[in-house]
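# I need the structure of the sequence given here:
(3 chains)
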Amino acid sequence: MKPWHLMKATLGATALVAPLMLGSASAEDAVSVSHYFTGELGQKGITEIFTEFTDKTGIAVADSPIGHEDFKTGILVRAAGNSLPDVFSYWAGARTQFVVDAGNIMDIGDMWSADKLDDVVAKSVADGATLYNGKRYLVPFGYHYAGMFYNPKVMTDAGITTMPKTWDDLLAACKTLKDKGIDPIALGSKNRWPAQFWFDYLLLRTAGPDYRAKLMSGAASYTDAEVKKAMGLWKDLVDAGCFAANSNANDWTDASDQVARGDAAMTLMGTWITGYWNGQGLQPGTDYDFFEFPMVAEGVPNAVVGPVDGWLIAANAKNAEGAKKLVAWLASDPAVQAKWAQIQGALSANVKVDASTYTPVMRRALKTVADADAFAFNYDLATPPPVAEVGLNMFAEFMNDSSNIDALMDKTQAAAADAFKQ
Amino acid sequence: MTDVTLDASRGSFRPGRAALFLSLVVLALLFLTPTLGVILSAFKTTRDIALGDLWSVPATLYLDNFVEVLTNPSVKTYFINTLLVTAPATASSIVLGILAGWVFAKLPFRGSETLFLVIVSGLFFPPQIILIPLFKLFNRLGLIDTLWPMIIVHTAMGIPICTLLMRNFFTAVPNALREAGLVDGANEWQVLTRIALPVSLPAIAVLATLQFTWIWNDFLWPLIFTQSDDVRTIMLGLVFLRGQYTVAWGVQGALALLASLPTLLVFLFFQRYFIRGLTMGAVKG
Amino acid sequence: MEQRETFWRIVLLAPALLVFGVFVVWPLLDSFRYSFTDWNGFDPNYNLVGLDNFARIFRDPEFRNAILNTAIWIVAALLLPVLAGLGLALLLNTGVRGSRVFKSIFYLPICLAAVIVGQIWIWIYQPDWGLLNTAIEAVTGVRRFNFAWLAEPSSALGAVIVAWAWQQTGLAMVIFLAGLTAIPSDLLEAAAIDGVPRWRQTLHIVLPMLRPATVVVVALSVINALKGFDILYIMTGGGPFHSSNTLAFFMYEESFKKYRMGYGSAISVVLFLIALSIIVIYFRQLRKLGEIYD
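Have a look, this model is predicted:
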């Protein structure tokens, strides 16, 4: 066939199928939902959950998944076009604060009390994650806890039987492991965020949650002694050779693989790592386990760090009633919550979920969070998004060259102050 | 002496030729290596790849990735959608380029050169700049979550390159040909479609290949303009295999191989026109 | 006669101008409008800030970094795909056996999506088991060579450019091949009969006659370098800490990651002006070669 005949043919064919392409607009009364739970397990799980909702209530769900990284762009464009989905997944903390401040989100206080969500949502995440400017906006779907995940076999082989409780214990364990030729700590900071947990915990364990909150809101400075002290401790660990080489070249999964293979002993990561490892056939408790980030200074309240995934309803949602029903159900139905927690390797935000549905490791994680004095969002969810960009770059730069903390902090403070002004 | 040179290249033993051939084989193998990586990844489990065992020949033929891709009902939808976007957008951008190119080549007017520059400048900005205005525009037109925005935007964004190439090509078509046609009583349209188009087949083949490949592989516009799974394209399917906390490497490799087949076929189909086409387009810059 | 031509000018140009005007020019102007505001993308309310965003550009060290990287990328774009493509075209034009197969092999990378090209090169550069370091270990005998190509600020940009050039070379090759077939063969035969050696034929006859093809290759290469985005997004995300940031990526980052739509628009205005000056130079060059209007 000659190209221009081919072209005529395609144009003709297009005219024929054109009506088909227009016909795909979703039903009027469906609740439109967008979320970042793509990938093999997440997508399948969430589709089943939505189908179950439709079967139960007769309310259709128009589902629009977007890959995790592209989700942020997608939501921004839709917000700019004043066309947010009725319901969308979002990260509790500064990111939600940002969209709430822009007036895009619906106040769900009435729904919260009508559906008695106070009785259902775990206390540890309730107020911090759901209240913004004194009103309810977010409904938590699941949350994670960041801890020191390790390979028990590697630890035992190195003669470490009790896990480090203090900073000195950790340094000692590092030395022991290094002498055995094992990289003590794996860190995959290629995408920057995995490094933030080190900054979070070191600052929380030395300066405490109140000071950190100030830094996150711009009331304190990165040039403060408190920040430099935390960075200094991190540097001690780097200088002692505790971190495996090339952190910035590895993704968090690469670091997890290093621990799973036994090349490295531990990695500071969120509980989603258990989902990743379970998927590879590792046994919780025997092939991997975790310990809490060690105590550094006496008398500082014990805080835990992690992200909360939640649902928001757009202020101009077309089907607001359906959206509220869906969101309330997603948070309060124990079966849905248990299923989702299992798929994501997450902790359920719902206290009615039977603890026996968790693996032994996750049960301990749940207890750790419950016993903690405070729950803090990790760095990129605790400080406004433009500032988080500055800090995340600082962590990557630090992992590449930690020799001059003072200069690095000066630069970071200047950029952060500028980003806060926005 | 000259005879010797010629004979050397036509004789039975040609060491120069053999060396050339060998060096091309080596180069081609080097060049193929990354592609080979894609192929290898398609035949490995995600776990193998995660553990660093990518660059080895698999001991057994592991086909589950392909099975998973081919049994996924969405994949078929993605392919059809991509074709429904790529074919019409390729065709219509070329048609518009032909019409505009003809005017710029054969019917220049005062200011036409400036207008031409304005259109060509459309090649030069990063498309991210117009994400939000376009989203608003299509939202107002009620076309979000259909295939139309992709078809329209790819057509519009293709106009600069199509106009540029077609104009250069038409400038090479002798004016006498057009004038003879006009004298014979044909109008401008008939001259263009009956005389100029048949000889510009090669240029059309070039554009068809380039546009098809670029549009097929794009994921930015579908990302912004589609919301439900039944209007999504293959590149989105590929990108979204990356989950929040997981990536299915092997499946991604298998899907990537399948997704690049159409563009390869288009190249092979148009290749014979392609080489000739670029010749004539290139002569005129 | 003149009237009829005007009629056809309007009829033939209108569709392209209409589509291009509505779906490219108008959105472009609309987005440029934001460059005078402090819009964050989410908030329906924003303020006019005059030329503040433009003033900021010239103070911003990240902008200088991005513009330098873009310049490096453009220079590399002129050298790597253009020279490699030219070399391959010259080799394949000797009528070597299997040239069709070779052409297809060298063209193949263009068919692959940027997502996949980026991922596969990540695996090539992987420090511990990547192909490059494994090869270096095998050749040099160094044990445990684990340089992290994409994680070192000194090599990240270069590593991405190599991957990008690998994908672009085939396009340059095909265009050069086309240019070569256009050279009358009797010209070269005459030279051969006169005893001009092959390399001098190439230097003095072939290369000058390839100039129009070169202009096309160079233009496409520069365009793709200015737009360099997808592969960067996958391979380094502009990092580590901005070391591989380009203007296009910098604009994306400020707009969509830091929510500074106004500033991002200002960057795109500057990017557009840079691009525009490149086109003007390009066309002046073409006109000098006598390729515009007979």
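# So which other helices or strands are in contact with whichever helix in chain C runs longest?
Counting by DSSP state H, the longest helix found in chain C is helix C:61-92. Here helix C:61-92 touches helix B:15-42, helix C:99-111, helix C:156-181, helix C:211-226, helix C:247-252, going by 3 or more Cβ pairs under 8 Å, 6 or more residues apart in numbering or on different chains; DSSP states H and E. For glycine as for every other residue, the C-beta is placed from the backbone atoms N, C-alpha and C.
# could those be laid out in TSV, adding mean pLDDT?
Conversion of the helices and strands packed on helix C:61-92 to TSV gives the following (pLDDT from 0 to 100):
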stretch	mean pLDDT
helix B:15-42	86
helix C:99-111	87
helix C:156-181	87
helix C:211-226	78
helix C:247-252	88
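# These: which one's closest to chain A?
Nearest to chain A, of all the helices and strands packed on helix C:61-92, is helix C:247-252, at 8.4 Å by Cβ to the nearest Cβ.
# send the alpha carbons of that closest one over as CSV?
Coordinates of each C-alpha in helix C:247-252 appear next as CSV, following Å, rounded to 0.1, in the frame of the first residue of the first chain:
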residue,chain,number,x,y,z
LEU,C,247,16.8,24.1,31.8
ALA,C,248,13.8,22.0,30.8
PHE,C,249,14.1,19.9,33.9
PHE,C,250,14.7,22.9,36.1
MET,C,251,11.5,24.5,34.8
TYR,C,252,9.6,21.3,35.6
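# Off-centre distance for the helix or strand immediately after it in the chain?
Downstream of helix C:247-252, the next assigned helix or strand under DSSP states H and E is helix C:261-288. Its chain's C-alpha centre and that of helix C:261-288 lie 14 Å apart, by Cα atoms, centre = their mean, to the nearest Å.
# got the buried residues for helix C:261-288?
Using 16 or more other Cβ atoms under 10 Å in any protein chain shown as the test for burial, helix C:261-288 gives C:261-272, C:274-275, C:278-279, C:282-283, C:286.
# how about the residue most central in space within chain A, phi and psi?
Against the mean C-alpha coordinate of chain A, by Cα atoms, centre = their mean, the closest residue is A:P307 at 4.0 Å. Backbone torsions of A:P307, given as degrees, to the nearest 10, read phi -100, psi 150.
# That one and A:F141 touch, don't they?
No. Counting by Cβ atoms under 8 Å, A:P307 does not reach A:F141; the two are 11.2 Å apart.
# rewinding a little: gap between the residue nearest to the centre of chain A and chain C?
17 Å (Cβ to the nearest Cβ, to the nearest Å).
# repeat for A:N400
From A:N400 across to chain C, the span is 6 Å (Cβ to the nearest Cβ).
# Tell me who's in contact with that residue.
The contact partners of A:N400, taken as Cβ atoms under 8 Å, 6 or more residues apart in numbering or on different chains, are A:248, C:151-153, C:240-241.
# Can you lay out these as TSV showing secondary structure and pLDDT?
Putting the contacts of A:N400 into TSV (DSSP: H, G, I helix; E, B strand; the rest coil; pLDDT from 0 to 100) gives the following:
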residue	secondary structure	pLDDT
A:N248	helix	88
C:A151	coil	87
C:E152	coil	87
C:P153	coil	88
C:P240	coil	87
C:F241	coil	87
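# Can you show me the strands along the stretch 51-200 of chain B?
In the stretch 51-200 of chain B, no segments count as strands under DSSP state E, counting those that start in this stretch.
# would you list every one of the helices in it?
All helices of the stretch 51-200 of chain B, identified by DSSP state H, counting those that start in this stretch, fall at B:64-71, B:73-106, B:112-120, B:131-141, B:148-172, B:175-183, B:188-190, B:197-199.
# distance of the residue nearest to B:N65 when sequence neighbours are not counted from C:V19?
Spatial nearest neighbour of B:N65, excluding adjacent residues (Cβ to Cβ, 6 or more residues apart in numbering or on different chains): B:A254 at 3.8 Å. B:A254 sits 37 Å away from C:V19, going by Cβ to Cβ, to the nearest Å.
# With B:A180 instead?
Here B:A180 is placed at a distance of 32 Å from C:V19 (Cβ to Cβ).
# Which residue, neighbours along the chain excluded, lies closest to residue 112?
Here I'm looking at chain A. Leaving aside its sequence neighbours, A:W112 sits nearest to A:R136 (Cβ to Cβ, 6+ apart; 4.6 Å).
# that's the wrong chain, I meant chain B
Once flanking residues are discounted, B:S112 sits nearest to B:F104: 5.9 Å by Cβ to Cβ, 6+ apart.
# burial measure for that neighbour, as a count.
The tally of other residues near B:F104 (other Cβ atoms under 10 Å in any protein chain shown) stands at 26.
# Same check on C:V142?
11.
# per-residue confidence for it?
At C:V142, the pLDDT value in this model is 81.
# that older thread, which of B:A180 and C:V19 has more neighbours?
More neighbours surround C:V19 than the other of B:A180 and C:V19, with 20 against 13 (other Cβ under 10 Å).
# Go ahead and report the secondary structure state at A:M409.
In three-state terms, and counting by DSSP: H, G, I helix; E, B strand; the rest coil, A:M409 is helix.
# Counting neighbours, which bits of the longest helix of chain C end up buried?
Using 16+ other Cβ under 10 Å as the test for burial, helix C:61-92 gives C:62-63, C:65-67, C:69-70, C:72-74, C:76-77, C:80-82, C:84-86, C:88-92.
# Which stretches in the stretch 201-350 of chain A count as helices?
Here the stretch 201-350 of chain A has its helices, by DSSP H, counting those that start in this stretch, at A:208-217, A:225-239, A:252-261, A:272-279, A:320-332, A:334-344.
# right, and those - which one's nearest chain C?
When these are compared (using Cβ to the nearest Cβ), the closest one is helix A:252-261, at 8.3 Å.
# and the closest one, what does it pack onto?
Here helix A:252-261 touches strand A:146-150, strand A:264-270, helix A:272-279, going by 3+ Cβ pairs under 8 Å, 6+ apart.
# The last one and chain B, any residue contact?
By that I understand helix A:272-279. Yes. For helix A:272-279 and chain B, the contact criterion (Cβ under 8 Å from any Cβ of the partner chain) is met by A:272, A:275-276, A:279.
# how about the strands in the stretch 51-200 of chain A?
Here the stretch 51-200 of chain A has its strands, by DSSP E, counting those that start in this stretch, at A:61-65, A:87-91, A:131-132, A:135-136, A:139-143, A:146-150, A:183-185.
# what about the third one and chain C, touching?
By that I understand strand A:131-132. No. Strand A:131-132 lies out of reach of chain C by Cβ under 8 Å from any Cβ, never closer than 13.9 Å.
# quick check: mean pLDDT across that strand?
For strand A:131-132, mean pLDDT is 92.
# before we move on, the earlier item: how close does the residue nearest to B:N65 sit to chain A?
From B:A254 to chain A the distance is 13 Å (Cβ to the nearest Cβ).
# can I assume that residue sits in a strand?
No. Counting by three-state DSSP, B:A254 falls outside a strand, being helix.
# That one is in contact with B:L40, isn't it?
No. If you go by Cβ under 8 Å, B:A254 and B:L40 don't touch, sitting 11.2 Å apart.
# just to revisit the earlier point, out of the strands of the stretch 51-200 of chain A, the one nearest C:F250 is which?
strand A:87-91 (24.4 Å; Cβ to Cβ).
# Could you tell me the angle between the closest one and helix A:320-332?
Compare the direction of strand A:87-91 with that of helix A:320-332 by axes from the mean of the first three to the mean of the last three Cα atoms, to 10 degrees and you get 40 degrees.
# List of residues touching strand A:87-91?
The contact list for strand A:87-91 (Cβ under 8 Å, 6+ apart) reads A:31-37, A:71, A:75, A:96, A:99, A:138, A:141, A:307-314, A:317, A:323, A:326-327, A:381.
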